[in-house]
Structure formats: structure tokens, C-alpha cells
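Chemist: The sequence isn't on hand, but the structure is:
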């Protein structure tokens, strides 16, 4: 699979990149069917996007490593942590999203372990980003999620 990463959001805490060439409807994603980049068509109401989340704030990264230790998860190599690779699902009809982190990678893009960045049992290390279905328009939703949503669903496309 080829990647085409685009920076969608960045602040002092983290950055969010999206692979803009590998966007699939959630039904297609569930069935393992991915249209080619040459297949242009309107976005379905439900989509799945590959994202990369990089932690820039060293105190957030330190807290993440500490949580992994406390949970009994591996933290070996996390001093070279670069980013978490995962997916974001959008339900445009109901204006919902969820983020599903998959794997943590180091600066050489080597796998460190299964990501626990968004542990639903504890307060999110990245404010306003949740792994359970949540409202996009909530004032507590991260600007990163809203920016990603509006990159794919412009106000004009939502009213059509």
C-alpha cells in the first residue's frame, strides 16, 4: 500500500497526519475492499481514514510511557517513540467520530507495540480525542478531529 500523508493539524502537544489516498467507506474497510486512487466518486456517509499521531510534548510522552508501565505493557524502545498509526472513522450522517490507535512506531518506523494511546479507562492524554463514538460538534472535541472531518466533508458537501 502506498501512503500519501498530509499534515491536517499541529499544535504544541501533537500533530495529526492523514493518508489522503487510502480513504474507504466503513463497509468497504470491513470487507477488505479498497478502490484504486483512479476511482473518483463521492464520499460515503461513513468513512475510515488512516492517521498518524505524533506526540510533540515530552511530558505527554512521559505520561504515556508511565501508563504503559503501570498497565504492565511493554515500554521498551519508547524513548525513540515517533508516532501512533491508527484509523479514524467518521459517520457524517450522525456527525460522529472515533479514533482507533493500532500500533506505536519508533523514529525508524519499527513497531514498538500495540498502541494504548487512547485507553478508554483513563483520561485521554490527547484532549478531545476519543476511541468511542463521540460527537464531532462537541466543544470538547479536539480541533484536530474537526479539521480532519472538514477536510473531507466541506459544509457544501454536507448539505447536498
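Modeler: It's in. Note that the coordinates shown come from a computational prediction; the quantities given were computed from them, not determined experimentally.
Chemist: Just confirm residue 84 contacts residue 60, I think it does.
Modeler: No - at 11.9 Å, residue 84 does not count as touching residue 60 under the criterion of CB atoms under 8 Å. Quick note: C-beta positions are derived from backbone N, CA and C, even for glycine.
Chemist: okay, the two: which has more neighbours?
Modeler: residue 84 (24 against 17; other CB atoms under 10 Å).
Chemist: what about the more buried one, which SS state?
Modeler: Classification of residue 84 by DSSP: H, G, I helix; E, B strand; the rest coil places it in strand.
Chemist: May I have the beta-bridge partners of it?
Modeler: residue 53, residue 104 (DSSP bridges).
Chemist: Please give me every residue in contact with it.
Modeler: Contacts for residue 84 (CB atoms under 8 Å, 6 or more residues apart in numbering) come out as 52-55, 101-105, 115, 117.
Chemist: Try it again at 10 Å.
Modeler: 14, 51-55, 64, 99, 101-105, 112, 115-118, 126 (CB atoms under 10 Å, 6 or more residues apart in numbering).
Chemist: Distance of it relative to residue 93?
Modeler: 27 Å (CB to CB, to the nearest Å).
Chemist: in the helix ranked longest in the chain, what counts as buried?
Modeler: Looking across the chain with DSSP state H, the single longest helix is helix 58-70. Residues of helix 58-70 classed as buried: 60-61, 64, 67-68 (neighbour count, 16 or more other CB atoms under 10 Å).
Chemist: anything in contact with each of residue 84 and residue 60?
Modeler: 14, 117, 126.
Chemist: and the second one, helix, strand or coil?
Modeler: State at residue 117, reduced to three classes by three-state DSSP: coil.
Chemist: I'd say it and residue 67 touch.
Modeler: Yes - at 9.1 Å, residue 117 counts as touching residue 67 under the criterion of CB atoms under 10 Å.
Chemist: so what sits against both of these two?
Modeler: Common neighbours of residue 117 and residue 67 (CB under 10 Å, 6+ apart) are residue 125.
Chemist: do you know how far the residue nearest to residue 45 when sequence neighbours are not counted is from residue 23?
Modeler: Nearest non-adjacent residue to residue 45, counting by CB to CB, 6 or more residues apart in numbering: residue 93, 4.4 Å away. Applying CB to CB, the value for residue 93 to residue 23 is 17 Å.
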